[in-house]
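Asker: Attaching a predicted model along with its sequence, questions to come.
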Amino acid sequence: MNNAITIAGAIIACTGAILGINQVIIPTWKKISSLFATWARFIRDWEGEPAEAGRDAVPGVMERLNKLDGELSNNGGNSVKDKVDKLARNQDKIFKKIDDAEKQRAQVQEVLLNAIKALAENKESRSRVKKVPKSDTAA
């Protein structure tokens, strides 16, 4: 009977160990593996990857940041900042031309209005002049 109790205890212990592994160790191992995989992806992204057969090299974070930093500073015309500055200068020129054209339009409008007023006054003064009838002095 002692043997049966020992065997039953061994079976219960093995079952408990299997359940413990299933319920505790495997989920913990999956989480730890996921964490290591995430860390490995981060390091691979940070450092970049060299070119391999059929695949281009992937630059690391610092190389990408340096390239981006170069685009945000003046370098003689090829950076984004240089192009934005050029667009701003061209926009200022266009706005100045629009302002000049608006001033000229206002001047032309004023001249035309004055001309229209002068014509209207001239027509009005002609209509006020009375026609003098011809006198019959010759008869």
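Answerer: Received, thanks. In this text, all values refer to a predicted model and were calculated from it rather than measured experimentally. Numbers count the residues shown, from 1 in each chain.
Asker: Now do the helix or strand bottoming out on mean pLDDT in the chain: everything it contacts.
Answerer: Lowest by mean pLDDT, DSSP states H and E among the helices and strands of the chain is helix 61-71, with a mean of 83. Residues from elsewhere that reach helix 61-71 (C-beta atoms under 8 Å, 6 or more residues apart in numbering): Asp45, Trp46, Gly48, Pro59, Ser79, Val80, Lys81. From N, CA and C alone the C-beta is placed, and that goes for glycine too.
Asker: Stretch 76-90 too?
Answerer: Contacts of stretch 76-90 with the rest of the structure, by C-beta under 8 Å, 6+ apart, involve Gly70, Glu71, Leu72, Ser73, Asn74, Asn75.
Asker: Specify which member of the residues you listed is nearest to Leu112.
Answerer: Lowest distance from Leu112 to these (C-beta to C-beta) belongs to Asn74, with 47.8 Å.
Asker: State the three-state secondary structure for that closest one.
Answerer: Here Asn74 is coil, with the state taken from DSSP: H, G, I helix; E, B strand; the rest coil.
Asker: List the residues that contact it.
Answerer: By C-beta under 8 Å, 6+ apart, the neighbours of Asn74 are Lys81, Asp82, Asp85.
Asker: Quick one: neighbours of the first one, just the number.
Answerer: Going back to what we said before, that points to Lys81. The local packing of Lys81 (other C-beta atoms under 10 Å) involves 14 other residues.
Asker: Compute the mean per-residue pLDDT across the biggest helix by length in the chain, please.
Answerer: The single longest helix within the chain, with elements called by DSSP state H, is helix 80-128. Averaged across helix 80-128, the pLDDT comes to 90.
Asker: the inter-axis angle of it versus helix 61-71?
Answerer: Put simply, helix 80-128 runs at 30 degrees to helix 61-71, going by axes from the mean of the first three to the mean of the last three C-alpha atoms, to 10 degrees.
Asker: So what's the gap between helix 80-128 and the chain middle?
Answerer: 36 Å (C-alpha atoms, centre = their mean, to the nearest Å).
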